[in-house]
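In: need coordinates for the below:
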Amino acid sequence: MYALGIETSCDETSVGVVFKNKVLANVTVSSLRYHKKYGGIVPEIAHRNHLRFIEKVTEIALKKAGIDFSKIKVIGVSFRPGLVGALLVGVSFAKGLSLALNIPFLGINHLHAHLFSPFLNKKDKLPLPFIGLVASGGHTEIFLVKDFDKIKLIGKTRDDACGEVFDKVARFFGLGFPGGVYLDRIYSYSFKDAFRFKCPRIGFDFSFSGIKTAIIYKKMELEKKRELDESTKIKLLSSFMEEIVTRVTETTILAAKRFKVKNIVCGGGVIANRRLRSLLREKTKKEKLQLFLPEKRFTCDNGAMVAGLTFYLYNNKKLKSNLNLKVYSD
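Out: Numbering: from 1, shown residues only. As a prediction, the model looks like this:
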């Protein structure tokens, strides 16, 4: 059987088709180019583009997978968290398909789908239980996962998400949007300790608003002294990014040790960050933990991760949703 996954939680309109964990198609159209000039996601623009593209993206995904609707046995769709209007487009489309094709559909937590992304195109048995880290533009959260229907939130950001802070700081430095991409490009390991920045340690929770304010004030101070050249900018931003990825890594490992779990699974757009991936590998190896990272193409929002988790939950847990399914921003 084949599972179809629909993802419309933010600015990507994405549809994936999977058989077990094998990705047969993953087609994504992003409205990012329309948001760039505003320096962030504009919900109304995202909603309208989902409506514009979702039918065509689905058609292309099925064609790429080499099947038609008659082969689809279950439909999965992100219903939380995300932009309410954006989610509503995907969920309404999934409900319509479910009725028209007379097949079940399943509402999928977008964050849980990110935690399934490292297992796409893999034949290995799921490493249960595990500590799951989701790091993205809107979320920085840690989960204890005993199975994909037994997930407990154990840590989250108390203010900005790490990806959100990357975007805001990059915008303040005039680098562009999304900011994480630009910070990743200019990061220099040689300058990672050039300036001293600190994120607070608060159990398994995070707080990034303080470091965001600190680097903004430091930039203003250096500008006033006429000491902010290009080299100093790189030193500032490298030190800033190093502290954030270090705090994310250390907190995740702390959770694994506290709950006596040997596996760490990561997902979300920020997991594409090269320094974060390197640091996670380095620290988990040192602590003799198993690390599971998604391919970079599956770090951003995508329909394949939704389809993969749908296939797993429908076949192994016999889960499905009804037409009363609502969407939620959180």
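
In: make it CA atoms for all contacts and neighbour counts henceforth
Out: OK.

In: can you give me the domain assignment for the chain?
Out: 2-121+300-316, 130-294 (automatic domain parsing).

In: need the ones you listed in CSV with mean neighbour count, mean pLDDT and distance to residue 329, can you?
Out: Compiled in CSV, the domains of the chain are given as follows (neighbours: other Cα atoms under 10 Å; pLDDT from 0 to 100; distance: least, Cα to Cα, whole Å):
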stretch, mean neighbour count, mean pLDDT, distance to residue 329
domain 2-121+300-316, 22, 95, 5
domain 130-294, 19, 97, 11
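
In: need those in JSON lines (columns: distance to residue 327).
Out: As requested, the domains of the chain are exported to JSON lines (distance: least, Cα to Cα, whole Å):
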{"stretch": "domain 2-121+300-316", "distance to residue 327": "5"}
{"stretch": "domain 130-294", "distance to residue 327": "17"}
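
In: residue contacts, residue 47?
Out: Counting by Cα atoms under 8 Å, 6 or more residues apart in numbering, residue 47 touches 11, 85-86, 89.

In: about what we covered before: wait, which of the domains of the chain is closest to residue 326?
Out: Nearest of these to residue 326, taken as Cα to Cα: domain 2-121+300-316 at 7.1 Å.

In: compute the first-to-last residue distance for that closest one.
Out: 14 Å (Cα to Cα, to the nearest Å).

In: the stretch 151-300 of the chain: strands as residue ranges?
Out: With DSSP state E, counting those that start in this stretch as the criterion, the stretch 151-300 of the chain has strands at 263-267, 290-292.

In: redo the ones you listed as a markdown table? Include distance to residue 305.
Out: Converted to a markdown table, the strands of the stretch 151-300 of the chain look like this (distance: least, Cα to Cα, whole Å):
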| stretch | distance to residue 305 |
| --- | --- |
| strand 263-267 | 10 |
| strand 290-292 | 15 |
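
In: of the ones you listed, give the one that comes closest to residue 232.
Out: Nearest of the strands of the stretch 151-300 of the chain (Cα to Cα): strand 263-267, 31.7 Å.

In: what lines up beside that closest one in the sheet?
Out: According to DSSP bridges, strand 263-267 forms sheet pairs with strand 130-135 (parallel), strand 290-292 (parallel).

In: using PDB, list the CA coordinates for the first one.
Out: Coordinates of the C-alpha atoms in strand 130-135 are reproduced here as PDB (Å, rounded to 0.1, in the frame of the first residue of the first chain):
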ATOM      1  CA  PHE A 130      14.800   8.000  21.900                       C
ATOM      2  CA  ILE A 131      15.200  11.700  22.800                       C
ATOM      3  CA  GLY A 132      13.800  13.800  19.900                       C
ATOM      4  CA  LEU A 133      15.100  17.300  19.200                       C
ATOM      5  CA  VAL A 134      13.000  19.500  16.800                       C
ATOM      6  CA  ALA A 135      14.800  22.800  15.900                       C
END
